[in-house]
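S.K.: Kindly generate the corresponding structure for this input.
(2 chains)
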Amino acid sequence: MNFIALRMLTGDRAKYFGLVFAIAFCTFLLENQTTIFTNILKRTASQILDVTDAEVWVMDPKTEYFEQTKALKDTDLTRVRSVPGVEWAVRLFKGNPIAKTLDGKFAASFLIGLDDATLAGAPRKMLMGSWQRLREPDSVVVDKAGYILLYPGEPLELGRTLEMNDHRVTIVGISDASAPFVSLPVMHARYSEAVNFLGRERTQLSFVVARPAKGTSPEELTRRIHERTGLRARTTNEFMWDCIRYYLKNTGIPINFGITIGVALVVGTVVAGQTFYLFTLENLRQFGALKAIGVTNGRLIGMILLQAGTAASCGFALGTGMAATFFEITLNVIATRGIVLMWQNVAVTGACILFVAIVASVLSIRRVLVLEPAAVFRG
Amino acid sequence: MENYLAVDSRRVTKHFGEGETRIEALRGVDFEARFGELSFLVGPSGCGKTTLISVIAGLLERTGGELGILGRPMDELKGTDRVLFRRKNVGFLFQQYNLLPALTAAENVAVPLLAAGQEWKQAVPKAKELLDRLGLGHRMDALPKELSGGQQQRVALARALVHEPRLVVCDEPTAALDSANGEAVMELLAKSAVHPDRAVIVVTHDTRVFHFADSIAHMDDGRIRDVTRPNGAAHAPVHTQEVAV
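M.R.: Reported below is the predicted structural model:
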């Protein structure tokens, strides 16, 4: 009877493809929206995740997210280094100077100042040049998107000059830094130079980044640093979630995306569920004939579940393929770079589609179970 | 219950709804169908013919009276037992054929065997063999939409007979056919369905095919008005020859 159920499902190609495409587009819509949402939120922590050398971030006790920094005292670096379990700790500067090209085009930028001696936190994914060249005087590494923003339509080229706070700096490398939350060029320079590219303040130490010694976990080290210095210490992962939570709580992003995702969910599930339900209604006469012939209710339930499961699986696979293709195509577009379909988005969408299939199946099963087999005698 | 009776109903009643909307569809029906006979049930629209065969076939629960099918009181059969009894012992021929449009003729015929748990590789060849005997050997792989009305009804007839049921109920089998096709289907029904160990009940108001009947029960207003036996059949099976099915 399973074969018959599948033939009933696929027999009318137009209906079958209509059903599969309804589920596929529902899947696509949900995966697309949830992926963009999660990736945009992940962007709020891009610069944290790009620092792969360190696992612990130390900051002012009142700091809530990456953008919000209050300068630490230079002595805080020494205090952190003195905490047992710290393998090394270096300073990190974050600022937003204006970068201006010789043509006069300018843009506010993300400037990360790296420890002069170690260059810890330097971008590891380089497209041109090398991060080691940051040791040269008045040098910066700029990310590709920032370069295109500053030099639109021009080929990538090293050696070009920018002006920042009356300092002329040379581009010695082009990196593939993760996209920040706002579309600003991401630049890296040595700490001692970076602080001069911005208006001078009394203290400029934004963060101390540290690596735990062998045998000490990042979580343990953050606890010790906080106990001994009173500073806030977070692991990379914790700090990433701090940023995401901050934006979720303090911006309109979750509401806007929540509405979009909610609409996608409702429209998608209603369309997909209703299409399957209508499919069963249109086949009600056939189910009635099968009931009259002597197919048991249990077998009919199995047939409907098989039909729903098959349609949902095909639609979900097709929709996921469409979403994956979409993000593959947009992966290298500057505005959407780095936005990838994550397995969590696929899993959540899969759960939604499963829910739709179950609801539609239950409604369909109910109609078939209450169907009087004698109805087939009525013309 | 006499052993030559496939169906024996006494004072069977059936009503739908309650109160002001209550409809008395059967008002104490006495009806018999004998093994080896083609029993016609005729009467005007709305007289209760379809309700009666639905009750006989176990598709509807009667409200009152006594009903014995194939020697068993229907009261003994409830729920799944009744479904399994119907699956094994009853064949159906519908006015609108009710073939599954996605299945070929042979696959449609095989449905009752598959429903009974037979393997595909056993059921479909058996269905093809029967279709061949009913003169549809060249259309076995055709879909219902590729068949004429007469051919579809012959496929439906094969489906009604493939599991060798002891009772076949036919609801207006010629209503959707022209007279030539209707005659052909009835001839096939009389030739292949009637069997000493099987009763065939045909609901119809197509007077053109009355000459096939061994008995004609005239129904009106939920009752059997009278029963005539056009061929003068006695109280014993009249068809004693073995038939192909």
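
S.K.: Flag every buried residue along the helix or strand of chain A with the lowest mean pLDDT.
M.R.: Lowest mean confidence among the helices and strands of chain A (mean pLDDT, DSSP states H and E): helix A:253-282, at a mean of 82. Neighbour-count burial for helix A:253-282 flags A:257, A:260-261, A:264-265, A:268-269, A:271-273, A:275-277, A:279-280 (criterion: 16 or more other Cβ atoms under 10 Å in any protein chain shown). In short, each C-beta sits where N, CA and C put it, glycine included.

S.K.: how much space between B:Asp141 and B:Lys126?
M.R.: Separation of B:Asp141 from B:Lys126 (Cβ to Cβ, to the nearest Å): 16 Å.

S.K.: List just the nearest of the buried residues of helix A:253-282 to chain B.
M.R.: Among the buried residues of helix A:253-282, A:Phe279 lies closest to chain B (Cβ to the nearest Cβ), at 12.2 Å.

S.K.: Next up, the contacts around that closest one.
M.R.: Residues near A:Phe279 by Cβ atoms under 8 Å, 6 or more residues apart in numbering or on different chains: A:9, A:15, A:19, A:307, A:311, A:364.

S.K.: Would you mind stating the distance between B:Gly149 and chain A?
M.R.: 14 Å (Cβ to the nearest Cβ, to the nearest Å).

S.K.: Hmm, that residue is touching B:Ala184, no?
M.R.: No. Judged on Cβ atoms under 8 Å, B:Gly149 makes no contact with B:Ala184 at a distance of 10.9 Å.

S.K.: Closest residue of the stretch 251-379 of chain A to chain B?
M.R.: For the stretch 251-379 of chain A, Cβ to the nearest Cβ, closest residue to chain B: A:Gly294, 2.4 Å.

S.K.: Run a quick neighbour tally on that residue.
M.R.: Counted with other Cβ atoms under 10 Å in any protein chain shown, residues neighbouring A:Gly294 total 25.

S.K.: Phi and psi next, for it.
M.R.: Backbone dihedrals for A:Gly294, given as degrees, to the nearest 10, come out at phi 120, psi 20.

S.K.: ok, it touching B:Asp81?
M.R.: No. Counting by Cβ under 8 Å, A:Gly294 sits too far from B:Asp81 to count as a contact (11.5 Å).

S.K.: Leaving out the residues flanking it, which one is nearest to A:Glu87?
M.R.: Nearest in space to A:Glu87, with sequence neighbours left out and distances taken as Cβ to Cβ, 6 or more residues apart in numbering or on different chains, is A:Ala213 at 4.1 Å.

S.K.: Just the pLDDT for the one you found.
M.R.: At A:Ala213, the model reports a pLDDT of 90.

S.K.: What distance do you get for it to chain B?
M.R.: As judged by Cβ to the nearest Cβ, A:Ala213 and chain B stand 68 Å apart.

S.K.: go on, A:Phe239?
M.R.: Here A:Phe239 is placed at a distance of 58 Å from chain B (Cβ to the nearest Cβ).

S.K.: Let's verify the residue nearest to the spatial centre of chain B: helix, strand, or coil?
M.R.: Closest residue to the average C-alpha location of chain B: B:Val169 at 1.1 Å, with Cα atoms, centre = their mean. Per DSSP: H, G, I helix; E, B strand; the rest coil, the secondary structure class of B:Val169 is strand.

S.K.: quick one: the strands in the chain?
M.R.: In the absence of a named chain, chain A is used. Shown for chain A, the strands assigned by DSSP state E span residues A:56-59, A:86-95, A:98-101, A:106-108, A:110-114, A:126-129, A:139-143, A:161-164, A:167-175, A:186-190, A:207-212, A:232-235.

S.K.: could you do chain B instead?
M.R.: With strands called from DSSP E, chain B shows them at B:5-16, B:23-34, B:38-42, B:64-69, B:72-73, B:90-93, B:167-171, B:199-203, B:215-220, B:223-228.

S.K.: Now for B:Ala115: which residues touch it?
M.R.: Contacts of B:Ala115 by Cβ under 8 Å, 6+ apart are A:1, A:290, A:293-295, A:299, B:87.

S.K.: repeat that with 7 Å
M.R.: Listed by Cβ atoms under 7 Å, 6 or more residues apart in numbering or on different chains, the contact partners of B:Ala115 are A:1, A:293-295, B:87.

S.K.: And stretch A:118-129, what's buried?
M.R.: For stretch A:118-129, using 16+ other Cβ under 10 Å, the buried residues are A:119-123, A:126, A:128-129.

S.K.: Might one say that A:Thr38 is in contact with A:Asn345?
M.R.: Yes. Contact criterion Cβ atoms under 7 Å: A:Thr38 and A:Asn345 qualify, at 6.4 Å.

S.K.: With neighbour numbers in mind, choose between these two.
M.R.: The neighbour count for A:Thr38 versus A:Asn345, taken as other Cβ under 10 Å, is higher for A:Asn345 (23 against 19).

S.K.: For that one, list the residues it contacts.
M.R.: Taking Cβ under 7 Å, 6+ apart, we find A:Asn345 in contact with A:31, A:34-35, A:38.

S.K.: Not counting its neighbours along the chain, what's nearest the residue most central in space within chain A?
M.R.: In chain A, the residue lying closest to the centroid (Cα atoms, centre = their mean) is A:Asn39, at 1.9 Å. Spatial nearest neighbour of A:Asn39, excluding adjacent residues (Cβ to Cβ, 6+ apart): A:Ile339 at 4.1 Å.
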